[in-house]
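Chemist: A predicted structure for the sequence below; I have some questions about it.
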Amino acid sequence: MTMRQHFGLGCALLGAIGFGTAACAAEQITFVSQGGAYQAAQTVAILDPAAKKLGITINQDSIPDAWPAIKTQVGSGKPIWDVVDTPTGNCLRGGEQGLIEKLDFSKIPNGAAMPEAYRSPYSVSYEFYSSVLAYSQKTFPKDAPNSWVDFWDVKKFPGRRALRNHPFATLEAALMADGVAPDKLYPLDVDRAFRKLEEIKPHITVWWTSGAQSAQLLNDGEVDMEMAWNGRVSAVAKEGAKVSFTYNQGILQSTSLCILKGAPNLGTAIKFLNEAVDPVHQANLPLQIDYGPGNPKAFETNVIKPERAAQLPSEPANAAKQALMSYAWWSSPAGEAAEKRWASFMQK
Amino acid sequence: MATSVPDPSQKHQRREHGLMLALVSPALLVILLLIVLPVGWLAWQSIYHDGFTLENYRRVFTEDIYWRSFALTFEISLAVTLIALLLGYPVAYLANSLPKGWSILILSLVVLPFWTSVLVRAYAWLALLQRTGVINQFLRYLDVISEPLALAHNTFGTVVATVHILLPFMVLPLYATMQKIPGDLMQAGASLGASPSLTFCRVFLPLSLPGVLAGCTMVFVLCLGFYITPELLGGGRTVMVSMLVSRNVELYNQFGAASAVAVVLLLSVLAIFFVVSRFISLDRVLGQK
């Protein structure tokens, strides 16, 4: 725990027992992310600078999956958290279920300036990662697979394959393998996607469930190509394994910031939300970790060097090669039905 | 007439009962707070969500995937139990018949893996079984195979690792039962002219059956709830019931959908215990009496 967090906790305690003092009058919020190296990177790049600039205290909490906690906290009528960094789908679903505050973008100029596809009435994109086609350079020293069509082509590209044991991004990849253009995917033709998946299923050695597992498969040479998250692949490559990936036909995914309905510090939370997607703070994030900024304006700040930018999933040229995941579709009834269908597909 | 002279022995007995209750109450309290209440709460959620509902159970009993997972889980548990019995019986027999020093060594080797976490052991099996793993590389070095064998990421890998983890639960009850079989009986059999194999089949084996049943029940029931091993070694295709539980939390975003699956599994386990209890005392299965 840092000094800042101690201070925040002290204030909260004093406040709780009715000793509101001048020293504690400073505004504060509770911010929640997913912990680990990712939250540490944000603290350096975004949270500390934003707190300093706004003169507020940011109390941090972390949880791997925020959704159940959002439901319980808002359901209890007295949420403790203010701002949550969570997969964009949670913000949308939460918004529809009345668990997330609707945003007034006139108070969030940084968010309002972002492309419409990067925000929703309830959320703004915070960072991007991508589900990419990764491969072993030992197996494919040249002429590596470069699209989902190649991934599905077991004659031209023999080798063992892995996909994620989850419909997100996998259905999109199947449709691209079947010839659908990356910008024409939604609404997904679910039947067509599952038909295409049936084709590749006998050739899939492993359906991975965690990012760590996908990294291990690639690192140990268990598979020759797989779908994986770009950050996992680059981490394996940095360790010295001969692996690489292409952003071509990657599926661009994001986490977003959203505010809990009835958040204790709503006003400050909105100010923070605006500050958190400030292009300069956002540009600092990829200097700490292999994730792309949620605000594309970050690439115009000159904070990110061109060679670094070229490695990032949301860099405009890279983003143009990829499909942007539609969380609106995945949280629609059709999306939820597709998600439920996955289990029967796996067991057949 | 003095009618209410307290019987001192009765008073003593009451005191003793009170003391025993006081001694077990912390344990009872822990079980109540940490097991009975949460399990009850979860079971309640499976039938109550904004009103009484059987939707979660309708799903479990009508959708294919649940049936397939339950069938696969029982198949795997059966396979694991049989393999563990075949491997465990000779080990327990050896530990029982060898001199003390040897039997202690054998039993410690059986129990030793207990000190390593299940997760580590699952990864260790992955390192052994996968395509680039020790076994495949060794076989290829010997030129026995030209293509690596598919040992991991399937049901085979899951069964191997699960047997390894559950073997002690088979060996220990077997050993405990064998220990109580009087050695004189074997000698009596021999003195009547029976060959060693005949005495084993007619005398030792039947007397060790309670241990077989106890070990099999333990292994089977524990295997029904396995999660990490099939998750890591099953390649995503081996979907056991516990994995459906976790998947349902994600998919339906409410505990009820998941706990309905867990309740059905729990009831299956209780049913198994009930059937087993018709044959041997449950004390024998749970403790090694």
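Modeler: Arrived safely. What you see is a predicted model; the values in this text were computed from it and never measured.

Chemist: separation between B:Thr199 and B:Ala92?
Modeler: Relative to B:Ala92, B:Thr199 is positioned 17 Å away (C-beta to C-beta, to the nearest Å). C-betas here are computed from N, CA, C, even on glycine.

Chemist: looking at the two, which one has more neighbours?
Modeler: Neighbours per residue, other C-beta atoms under 10 Å in any protein chain shown: of B:Thr199 and B:Ala92, the larger number sits with B:Ala92, 27 against 18.

Chemist: quick one: pLDDT of residue 203?
Modeler: Defaulting to chain A. Looking at A:His203, its pLDDT is 95.

Chemist: correction: the question concerned chain B.
Modeler: 88.

Chemist: over to B:Leu232?
Modeler: Looking at B:Leu232, its pLDDT is 89.

Chemist: check B:Leu34 too.
Modeler: With respect to pLDDT, B:Leu34 scores 91.

Chemist: ok, now which ones touch it?
Modeler: Shown in contact with B:Leu34 (C-beta atoms under 8 Å, 6 or more residues apart in numbering or on different chains): no residues.

Chemist: quick check: it vs A:Thr255, distance?
Modeler: With C-beta to C-beta as the criterion, B:Leu34 and A:Thr255 are 34 Å apart.

Chemist: same check, this time on B:Leu37
Modeler: In this structure, B:Leu37 and A:Thr255 are 35 Å apart, going by C-beta to C-beta.

Chemist: the more surrounded of these two?
Modeler: Between B:Leu37 and A:Thr255, A:Thr255 has the larger neighbour count (other C-beta under 10 Å), namely 25 against 11.

Chemist: tell me which parts of chain B are close to chain A?
Modeler: For chain B, the contact set with chain A under C-beta under 8 Å from any C-beta of the partner chain comprises B:63-65, B:68-69, B:130-132, B:150, B:153, B:231-232, B:235-237, B:239, B:244, B:247, B:249, B:251, B:253.

Chemist: okay, now residue 93: neighbour count?
Modeler: In the absence of a named chain, chain A is used. Each residue near A:Arg93 was counted by other C-beta under 10 Å, and the total is 23.

Chemist: you answered for a different chain; I wanted chain B.
Modeler: Neighbours around B:Tyr93, by other C-beta under 10 Å: 18.

Chemist: Three-state assignment for B:Gln13, please.
Modeler: Classification of B:Gln13 using DSSP: H, G, I helix; E, B strand; the rest coil returns helix.

Chemist: residue contacts, it?
Modeler: With C-beta under 8 Å, 6+ apart, B:Gln13 has no contacts at all.

Chemist: surely A:Tyr126 is in a strand?
Modeler: Yes. Under three-state DSSP, A:Tyr126 falls within a strand.

Chemist: surely it meets A:Val277?
Modeler: Yes. The criterion here is C-beta atoms under 8 Å, and A:Tyr126 meets it with A:Val277 at 7.0 Å.

Chemist: shared neighbours, these two?
Modeler: Common neighbours of A:Tyr126 and A:Val277 (criterion: C-beta under 8 Å, 6+ apart): A:257, A:294.

Chemist: near chain B, which residues of chain A show up?
Modeler: Residues of chain A lying close to chain B by C-beta under 8 Å from any C-beta are A:67-68, A:71, A:160, A:165, A:205-209, A:213, A:220-222, A:339-340, A:343-344, A:346-347.

Chemist: could you rerun that using 7 Å?
Modeler: Residues of chain A lying near chain B by C-beta under 7 Å from any C-beta of the partner chain: A:67, A:160, A:165, A:205-209, A:220-222, A:339-340, A:343-344, A:346-347.
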